[in-house]
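>>> sequence unknown, structure follows:
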């Protein structure tokens with residue numbers, strides 16, 4: 001009877017993790033379209049770091065209300081990795097990229113995120129995946145690079161914005177994997193909150209400089225997009241996402257990210273009127289196939 005109860009409890013926890021992960025993906029699927037709207041009128045550096053400052057204020061209030069204990073020294077070092085990936089790296093490089101690229105274009109590159117999250121989870125856990133795992137990862141990378149070269153070759157070379165997106169995805173995958181593992185100790189909410197506070201000196205300083213150089217002036221749509229990025233993409237979305245990774249497993253819950261590029265393409269078309277090109281669809285399908293293969297070849 002105890003074995004059956006234990007198995008049932010495990011299934012319940014895993015199902016809860018999948019639900020929380022799905023909520024996180026739904027929140028993140030709007031990030032690229034919202035960033036595209038925000039950087040249309042606001043400075044990209046302000047959008048990237050100003051939203052982190054706003055989220056850090058919310059994080060400080062949450063930690064104070066819940067009287068959360070401070071992380072240990074080892075946990076602070078791991079939180080620095082989380083901050084590098086999801087507080088600084090991904091917001092900065094996507095903001096810079098989407099000043100010239102469409103969010104639909106970015107959605108294709110983000111299709112690699114589940115694979116990179118799984119790779120970092122594998123490396124961090126010390127597992128030994130089969131050769132097919134790495135071949136599928138390489139195939140997905142080649143597909144994305146081919147798409148970037150083809151769509152960015154009008155001037156004969158790949159633009160800087162085409163390089164920002166892959167950098168954003170690599171750093172984000174690292175931040176997802178490390179944050180998901182750390183959330184098993186701190187909880188999903190406290191993991192992102194402490195990461196936001198850890199990076200506050202840097203994000204606040206850069207935000208002040210960006211305001212001094214280019215004072216923010218924008219319409220209602222841009223400010224609403226900025227508010228979404230602050231409260232949802234940078235704050236509440238991670239409550240669900242990291243909790244889901246911690247409860248359901250980084251590799252398994254990470255598969256839910258497969259739906260994120262599709263949702264982003266839909267948001268881009270519906271809300272921004274962007275055209276989803278056949279090349280983008282083909283690239284997305286190829287990379288999705290590679291990601292599915294990666295997840296199925298991953299060893300426990």
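Structure received. Source: prediction; values computed, not measured. Residues are numbered from 1 along each chain as shown.

>>> Which residues are in contact with the most centrally placed residue in the chain?
Geometric centre of the chain, nearest residue: residue 172, 5.0 Å, by C-alpha atoms, centre = their mean. By C-beta atoms under 8 Å, 6 or more residues apart in numbering, the contact list for residue 172 reads 85, 86, 89, 90, 113, 116. Yep, even glycine has a C-beta here, placed from its N, CA and C like the rest.

>>> With residue 62 as the reference, measure out to it.
Distance, residue 172 to residue 62, by C-beta to C-beta, to the nearest Å: 22 Å.

>>> What of residue 80?
20 Å.

>>> So for stretch 101-121, mean pLDDT?
For stretch 101-121, the mean pLDDT works out to 79.

>>> again with stretch 265-274
80.

>>> any residues touching that stretch, and which ones?
Outside stretch 265-274, the residues that reach it (C-beta under 8 Å, 6+ apart) are 29-30, 32-33, 36-37, 102-104, 107, 275-276, 280, 284.

>>> ok, now stretch 102-113?
32-33, 35-36, 94, 97-98, 140-141, 144, 147-148, 151, 165-166, 168-169, 172-173, 176, 257, 260-261, 264-265, 267-269, 272, 274-277, 280, 283-284, 287-288, 291.

>>> Quick one: residues contacting residue 173.
Residue 173 neighbours (C-beta under 8 Å, 6+ apart): 85, 113, 115, 116, 117, 119, 120.

>>> my guess is the fourth one contacts residue 168, does it?
No - applying C-beta atoms under 8 Å, one finds residue 116 not in contact with residue 168, separated by 10.7 Å.

>>> what ranges do the helices span in the stretch 101-250 of the chain?
103-110, 113-125, 131-151, 160-186, 188-198, 200-213, 220-228, 237-248, 250-254 (DSSP state H, counting those that start in this stretch).

>>> need those in a markdown table with distance to residue 66, can you?
Output for the helices of the stretch 101-250 of the chain, formatted as a markdown table (distance: least, C-beta to C-beta, whole Å):
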| stretch | distance to residue 66 |
| --- | --- |
| helix 103-110 | 32 |
| helix 113-125 | 27 |
| helix 131-151 | 39 |
| helix 160-186 | 12 |
| helix 188-198 | 8 |
| helix 200-213 | 18 |
| helix 220-228 | 23 |
| helix 237-248 | 12 |
| helix 250-254 | 24 |
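
>>> Of all those helices, which one is nearest residue 50?
helix 200-213 (4.8 Å; C-beta to C-beta).

>>> Provide the contact partners of the closest one at residue level.
Contact with helix 200-213 is made by 43, 45, 46, 49, 50, 52, 53, 56, 87, 88, as judged by C-beta under 8 Å, 6+ apart.

>>> quick one: buried residues of it?
200, 203, 204, 206, 207, 210 (16 or more other C-beta atoms under 10 Å).

>>> now stretch 107-124
Result for stretch 107-124 [16+ other C-beta under 10 Å]: buried residues 107-122, 124.
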